[in-house]
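Chemist: what follows is a predicted structure for the sequence shown.
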Amino acid sequence: MSSGSCHSSNRVHSSYNNGAAKLCGHGVEAIRFTSMTDDNPCRRFWRCRFYKKDNDCKYFEWIDPELPPFQRCCFVNLKCEKSDLHDQLKCKADSEKLLSEILE
């Protein structure tokens, strides 16, 4: 599965894990993210806050284990279905708006 299908992104969360901050190679608090890629759906991880700004620190640490293949497949399918429903809803709203403008 490609990591880019059906939209992939990361959600940002606080930098604390049960009250203890994770420090990156810069000695600053890392940020907790949640992966929404097809390869690692809903998998949380720590990453340096300077990830794309400073190549010196490559701090990255998974918090959660990988999902079993069946669960990962189910999640990806649900994510694609949600995306399709979102697109259909937007199309319906656009159609209703166009019809409303025509009828006025």
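Modeler: In hand now; what should we look at?
Chemist: how about the strands of this structure, start to end?
Modeler: Ranges of strands in the chain, per DSSP state E, are 10-13, 16-17, 20-21, 31-35, 43-47, 60-62.
Chemist: out of those, nearest to Glu101?
Modeler: strand 10-13 (36.6 Å; C-beta to C-beta). C-betas here are computed from N, CA, C, even on glycine.
Chemist: now stretch 28-36: buried residues?
Modeler: Neighbour counts over stretch 28-36 (16 or more other C-beta atoms under 10 Å) mark Glu29, Ala30, Ile31, Arg32, Phe33, Thr34, Ser35, Met36 as buried.
Chemist: equivalent analysis for stretch 21-29, please.
Modeler: Lys22, Cys24, Glu29.
Chemist: quick one: distance of it to the chain centre.
Modeler: Relative to the centre of its chain, stretch 21-29 is centred 22 Å away, using C-alpha atoms, centre = their mean, to the nearest Å.
Chemist: now do stretch 53-67
Modeler: 14 Å.
Chemist: hang on, the earlier thing: of the buried residues of stretch 28-36, which is the nearest to Arg43?
Modeler: Ser35 (4.7 Å).
Chemist: which residues does the closest one contact?
Modeler: Asn10, Pro41, Cys42, Arg43, Arg44, Phe45 (C-beta atoms under 8 Å, 6 or more residues apart in numbering).
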